[in-house]
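> Mind looking at a prediction? Sequence and model below.
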Amino acid sequence: MILAAEEIVRSLSGSWELLNRRAEGAARFEVGEQAFWRSFRAPLLAAPVFIIWLAADRALDGLRAESGSLFDNPEALAHTVLTFAALWLTLPLLSIALADRLRLGAQLAPFIIICNWSSVLAAAMLAVPALLLAIGWATPALAALFAVAAALLIMQMRWYAARVALGVTAGAAALLAACDALIGVGLLRLVV
């Protein structure tokens, strides 16, 4: 079950279309059992983002690359791992938890596929302010402002994906997107 370049391009372009509120983006994702399991490999595409986020966390802690290894601070590493995991796991787990209440049924697996792939795009969006912070081109406050702007775009993309893929009302989709963001922020507060 290797990720094919064609599937990567198709899925990321589908994510981009959903970000731009084009419903046809949902049709770009391959669905089915094999596609479902392959979508859990999408985080591997964002491995460079993990390194950028870790460098930004180290910069926030006042640790520069020349003062040691990138992986020598366990607190920064734990924070980055949790942030990375929250991006991929929060919305799918929340959807699974609410599947019966929202009567999601057969739409749940395609939605999780979309979540997994669109999280690659979300990670890349959040990497921009992290990179600016890590290389010293942005202050922590400015990087936080850019991160909030990216987070709002990600919430909008997740809201629209829920509307299209799950067929839920705008309110239910907004609840999912808001809870995704709040739970993700709450998890981060546990380690900060």
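Thanks, I have it.
> use CA for all of it now, contacts and neighbours both
Noted.
> pull the helix or strand with minimum mean pLDDT from the protein.
Taking mean pLDDT, DSSP states H and E as the measure, the chain has helix 170-191 as its least confident helix or strand, at a mean of 73.
> Figure out the helix or strand that the spatially most central residue of the chain lives in.
The residue lying closest to the centre of the chain (Cα atoms, centre = their mean) is S119, at 3.3 Å. S119 is part of helix 108-134, with elements assigned from DSSP states H and E.
> Now that helix: average pLDDT?
pLDDT averaged over helix 108-134 equals 92, rounded to a whole number.
> Remind me what that helix packs against, helices and strands.
helix 5-19, helix 33-38, helix 47-60, helix 74-97, helix 140-161 (3 or more Cα pairs under 8 Å, 6 or more residues apart in numbering; DSSP states H and E).
> so where's the protein uncertain?
Within the chain, the stretches with pLDDT under 70 are 1, 63-68, 184-192.
> coming back round to it: what sits closest to the residue nearest to the centre of the chain if chain neighbours are left out?
Spatial nearest neighbour of S119, excluding adjacent residues (Cα to Cα, 6 or more residues apart in numbering): W88 at 6.1 Å.
> Also S118?
What sits nearest to S118 in space, not counting adjacent residues and going by Cα to Cα, 6+ apart, is S15, at 5.0 Å.
> Hmm, E24 and the one you found touching each other?
No - contact criterion Cα atoms under 8 Å: S15 and E24 do not qualify, at 10.2 Å.
> Which of these two has more residues huddled nearby?
Neighbour count, other Cα atoms under 10 Å: between S15 and E24, S15 has more, with 29 against 12.
> What residues does that one make contact with?
If a contact means Cα atoms under 8 Å, 6 or more residues apart in numbering, then S15 has 25-26, 114, 117-118, 121 as its contacts.
> can you put the residues you listed in TSV and add distance to E6 and neighbour count?
Listed next are the contacts of S15 as TSV, based on distance: Cα to Cα, whole Å; neighbours: other Cα atoms under 10 Å:
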residue	distance to E6	neighbour count
G25	15	23
A26	16	21
I114	16	29
W117	13	27
S118	16	26
L121	16	20
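> got CSV for these, with distance to Q107 too?
Rendered in CSV, the data for these read as follows (distance: Cα to Cα, whole Å):
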residue, distance to Q107
G25, 15
A26, 12
I114, 11
W117, 16
S118, 16
L121, 21
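> Show me what counts as buried in stretch 162-177.
Residues of stretch 162-177 classed as buried under the neighbour-count rule (16 or more other Cα atoms under 10 Å) are 162-166, 168, 172-174, 176-177.
> what sits up against that stretch?
With contact meaning Cα under 8 Å, 6+ apart, stretch 162-177 is reached by 23, 26, 91, 94-95, 102, 104, 107-108, 110-111, 155-156, 158-160.
> neighbour-wise, which of those residues leads?
Across those, the neighbour count under other Cα under 10 Å reaches its highest value at R158, namely 29 neighbours.
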